[in-house]
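*Asks:* fold the following and give me the result.
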Amino acid sequence: MAATGTEKQGSKAFYVTTPIYYVNDAPHLGHAYTTVAGDVLTRWHRQRGEKVWYLTGTDEHGQKIMRTAEANGVTPQEWCDKLVEEAWKPLWEHLNIANDDFIRTTQKRHTDRVQEFVQDLYDKDEIYKGGYEGPYCVGCEEYKLPGDLIEAEDGTKLCAVHKKPVEILKEENYFFKLSEYGPKLLEFYEANPGFIQPESARNEVVNFVKQGLEDLSISRSTFDWGVPVPWDDKHVIYVWIDALLNYATAVGYNENPAKFDETFPANVHLIGKDILRFHAVIWPAMLMAQGLPVPGRVAANGWLMVGGEKMSKSNLTGIKPQDLTSHFGVDAYRWYFLRAIAFGQDGSFSWEDFSARYTSELANDYGNLASRVAAMVGKYFGGALPASTADGDAEKAIHEGLAKAVAAADAKIGEELDFQGGILAIFDFVKQVNGYITEQEPWKVAKDESEEGRARLATILYTAAESLRAVAVLLNPIMPETSQALWDSLGAEASLGALAAQPVQSSATWGQLPAGATVTKGAVLFPRLEEPKKD
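*Replies:* Numbers count the residues shown, from 1 in each chain. Below is the predicted model:
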């Protein structure tokens, strides 16, 4: 797609979603990891000049929410309202998440459309009434298959995800004929090998479907906190059917046809791997049954691990993002998890690793480069960026290095969802520019006051500053605050316009920063870390 720097009109939006998160508790690092990834991806596509729609929100129905509210002495709606307004929305604002919409499954715009969707399936004879008995995990809001359980020392059956005992439930429910969609799903997976990522997740889903699918219970009758089944108000719609439909209801399903047509289906559903089957099996089957298009990609990120355990409240490892942003800053937080962990794989978090990477890559490599260049332009040219008139092989290598970095970062972040690879490509270029300055030694060249010496010094500093101009553009989707600070320091706003309007793909075009731009040394981008306080 062409990088025009302006939003294209009339074309389908690049539509990205996060899971809608349970509001049984405040968000932790795992929730923020997926949401930041989606934010970086959509910011990147915006800077390609594309129309973008980024959706996140909260899942507010189900037995788990009801029990949590009861334990806190409030109604489920009161609990949801409190958590959304005091925890979830403020965190996304704190982390600079630029979502276009925030959907709540208790909103009428959602619940009405959910009832219509399910009624349509019922009218098409895709749903029937039956009974079911089996192990149920309230934490997952899911009936479990034998292979999904582990056994405690006393023989108790536990959910493999939450390590808590399952409940044996027996209910009269309504069922969706999921079993009929196994062959259609396998045919679809075969024709669309990139639909499920990573490859390990795809293999898991394909093998699961090949074993044969069972019909899916789509209602519950033992509690009432949910969307009522429209033809039988003794039942509420199964929370996962309710939840999955947010991806359609939020963009105008059965309400705003124009919005729906220009947005749906999602190009990318970003999810945690523990909810893979819902998104890669149940969701596309529901859409097939309704005659709606299937999403472009389901991308499952791995788990964040602390001490060998998945990060979660139930495992007592639910670290708050604010614990880290207060020490490292928001931009460093956004950068770290995508830099340190390959998206799609499990990754371990440690305070020590974060500190080491912050100091080495952000403070020393990147921040120090920005400070040195601004200081030298100020010292040797009074803060006015000089023109480059003495380019040679060293400068040519920088030009080529930038083109390589832009192409790699755009492919990896924009297409492959390889955030780590894209960030590494950008920082490899930062290292190249640092090496260029070390080799060219502008502080020594400055001692040569001849015309040739001044021209050479000007060329070195212009090359470094122009390189930083491109780096600011490339890192803006990842670290918007520090990128803006660098943009301002280079005097780029006055001559090139707003940073967010700079197309990432054309950032490789050399010579965009004009000679004469006012370069100022601002605050240090990544200050030295203070020692964390000890309890």
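
*Asks:* now do the buried residues in the host helix or strand of A405.
*Replies:* Using DSSP states H and E, A405 sits in helix 393-409. Within helix 393-409, the residues scored as buried using 16 or more other CB atoms under 10 Å are 395, 398-399, 401-403, 405-406, 408-409. For every residue, glycine as well, the C-beta is placed using N, CA and C.

*Asks:* just stretch 324-334 next, same as before
*Replies:* Neighbour-count burial for stretch 324-334 [16+ other CB under 10 Å]: 324-325, 327-334.

*Asks:* next one: stretch 218-232
*Replies:* Buried positions in stretch 218-232, judged by neighbour count with 16+ other CB under 10 Å: 218-220, 225-230.

*Asks:* identify the farthest-apart pair in those residues.
*Replies:* Pairwise distances across these (CB to CB) peak at 16.9 Å, for the pair W225 and P230.

*Asks:* so which of the buried residues of stretch 218-232 sits lowest on pLDDT?
*Replies:* Across these, the bottom pLDDT score, 90, is held by R220.

*Asks:* residues contacting that one?
*Replies:* 63, 171, 173, 226, 235-236, 238-239 (CB atoms under 8 Å, 6 or more residues apart in numbering).

*Asks:* likewise for A363?
*Replies:* Contact analysis of A363 by CB under 8 Å, 6+ apart lists 526-529.

*Asks:* mind giving me the ChimeraX select for those, buried ones only?
*Replies:* Entered in ChimeraX, the line below selects the buried ones among those, by 16+ other CB under 10 Å:
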select :526
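
*Asks:* let's have the contacts of A363 in JSON lines, adding pLDDT, distance to Y189 and secondary structure.
*Replies:* Below are the contacts of A363 laid out as JSON lines (pLDDT from 0 to 100; distance: CB to CB, whole Å; DSSP: H, G, I helix; E, B strand; the rest coil):
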{"residue": "F526", "pLDDT": "97", "distance to Y189": "44", "secondary structure": "coil"}
{"residue": "P527", "pLDDT": "95", "distance to Y189": "49", "secondary structure": "coil"}
{"residue": "R528", "pLDDT": "92", "distance to Y189": "50", "secondary structure": "coil"}
{"residue": "L529", "pLDDT": "91", "distance to Y189": "46", "secondary structure": "coil"}
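
*Asks:* element containing the closest residue to F208 other than its chain neighbours?
*Replies:* Nearest residue to F208, sequence neighbours excluded (CB to CB, 6 or more residues apart in numbering): R277, at 6.5 Å. Element membership for R277, per DSSP H and E: helix 276-277.

*Asks:* who are the packing partners of that helix?
*Replies:* Helix 276-277 makes packing contacts with helix 199-210 when contacts are defined by 3 or more CB pairs under 8 Å, 6 or more residues apart in numbering; DSSP states H and E.

*Asks:* for the helix it packs on, which positions count as buried?
*Replies:* For helix 199-210, by 16+ other CB under 10 Å, it's 201-202, 204-205, 208-209.

*Asks:* got it, and stretch 483-499?
*Replies:* Residues of stretch 483-499 classed as buried: 483-487, 489-492, 495-496, 499 (neighbour count, 16+ other CB under 10 Å).

*Asks:* check stretch 364-371 too.
*Replies:* Those would be 365-367, 369-371, for stretch 364-371 by 16+ other CB under 10 Å.

*Asks:* repeat that for stretch 443-450.
*Replies:* For stretch 443-450, by 16+ other CB under 10 Å, it's 445-446.

*Asks:* and if you look at stretch 371-387?
*Replies:* Here stretch 371-387 shows 371-374, 376-377, 380-381, 385-386 as buried, counting by 16+ other CB under 10 Å.

*Asks:* and the helices in the stretch 151-300 of the chain, which stretches?
*Replies:* 182-191, 199-210, 239-244, 246-249, 257-263, 276-277, 283-290 (DSSP state H, counting those that start in this stretch).

*Asks:* of these, which is nearest E78?
*Replies:* Comparing these by CB to CB, helix 239-244 comes nearest, at 18.6 Å.

*Asks:* which other helices and strands does the closest one contact?
*Replies:* In terms of contacts (3+ CB pairs under 8 Å, 6+ apart), helix 239-244 is packed against strand 52-59, helix 108-123, helix 283-290.

*Asks:* got TSV for the ones you listed, with mean pLDDT and distance to A508 too?
*Replies:* Output for those, formatted as TSV (pLDDT from 0 to 100; distance: least, CB to CB, whole Å):
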stretch	mean pLDDT	distance to A508
strand 52-59	98	22
helix 108-123	98	43
helix 283-290	98	38
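
*Asks:* which among the buried residues of helix 393-409 gets closest to R67?
*Replies:* A409 (45.4 Å).

*Asks:* circling back: so which of the contacts of R220 belong to strands?
*Replies:* 171, 173, 235-236 (DSSP state E).

*Asks:* now render these as a markdown table, adding pLDDT, distance to G347 and neighbour count.
*Replies:* As requested, those are exported to a markdown table (pLDDT from 0 to 100; distance: CB to CB, whole Å; neighbours: other CB atoms under 10 Å):
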| residue | pLDDT | distance to G347 | neighbour count |
| --- | --- | --- | --- |
| E171 | 73 | 39 | 17 |
| N173 | 91 | 38 | 21 |
| H235 | 96 | 41 | 23 |
| V236 | 95 | 37 | 22 |
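
*Asks:* what's the most distant pair in these?
*Replies:* So, these by CB to CB: farthest apart are E171 and V236, at 11.4 Å.

*Asks:* could you tell me which residues touch both of those two?
*Replies:* 220-221.

*Asks:* ok, back up a step: and the helix holding A405, what does it pack onto?
*Replies:* By 3+ CB pairs under 8 Å, 6+ apart, helix 393-409 packs against helix 419-440, helix 451-475.

*Asks:* and these, which is most packed in?
*Replies:* helix 451-475 (a mean of 22; mean count of other CB atoms under 10 Å).

*Asks:* and the pLDDT for P165?
*Replies:* P165 is given a pLDDT of 82.

*Asks:* and the closest residue to it other than its chain neighbours, how close does it get to P198?
*Replies:* Spatial nearest neighbour of P165, chain neighbours left out: T156 (5.2 Å); criterion: CB to CB, 6+ apart. As judged by CB to CB, to the nearest Å, T156 and P198 stand 33 Å apart.

*Asks:* these two: which has the busier surroundings?
*Replies:* P198 (17 against 12; other CB atoms under 10 Å).

*Asks:* and that one, backbone torsions?
*Replies:* Main-chain dihedrals, P198, degrees, to the nearest 10: phi -80, psi -180.

*Asks:* wait, it touches R297, no?
*Replies:* No - look at P198 against R297 with CB atoms under 8 Å: they stay out of range, at 11.1 Å.

*Asks:* overlap in contacts, those two.
*Replies:* Common contacts of P198 and R297 (CB under 8 Å, 6+ apart): none found.

*Asks:* would you map the strands across the stretch 1-150 of the chain?
*Replies:* 14-22, 52-59, 101-104, 127-137, 142-143, 149-151 (DSSP state E, counting those that start in this stretch).

*Asks:* which stretches of the stretch 51-200 of the chain have low pLDDT?
*Replies:* 138-139, 141-146, 155, 159-162 (pLDDT under 70).

*Asks:* could you pull out the strands for the stretch 251-400 of the chain?
*Replies:* Using DSSP E, counting those that start in this stretch, strands in the stretch 251-400 of the chain cover 268-272, 298-301, 304-306, 309-310, 347-348.

*Asks:* which one of those lies closest to A285?
*Replies:* Comparing these against A285 with CB to CB, the closest turns out to be strand 298-301 (12.9 Å).

*Asks:* which strands or helices does that closest one pack on?
*Replies:* Packed next to strand 298-301, using 3+ CB pairs under 8 Å, 6+ apart, are helix 29-46, strand 196-197, strand 268-272.

*Asks:* which other residues reach that strand?
*Replies:* 33-34, 37, 195-198, 201, 268-273, 276, 279-280, 343-344, 417.

*Asks:* which one, of the helices and strands packed on helix 239-244, ends up nearest to K89?
*Replies:* Closest among the helices and strands packed on helix 239-244, once you apply CB to CB, is strand 52-59, at 9.0 Å.
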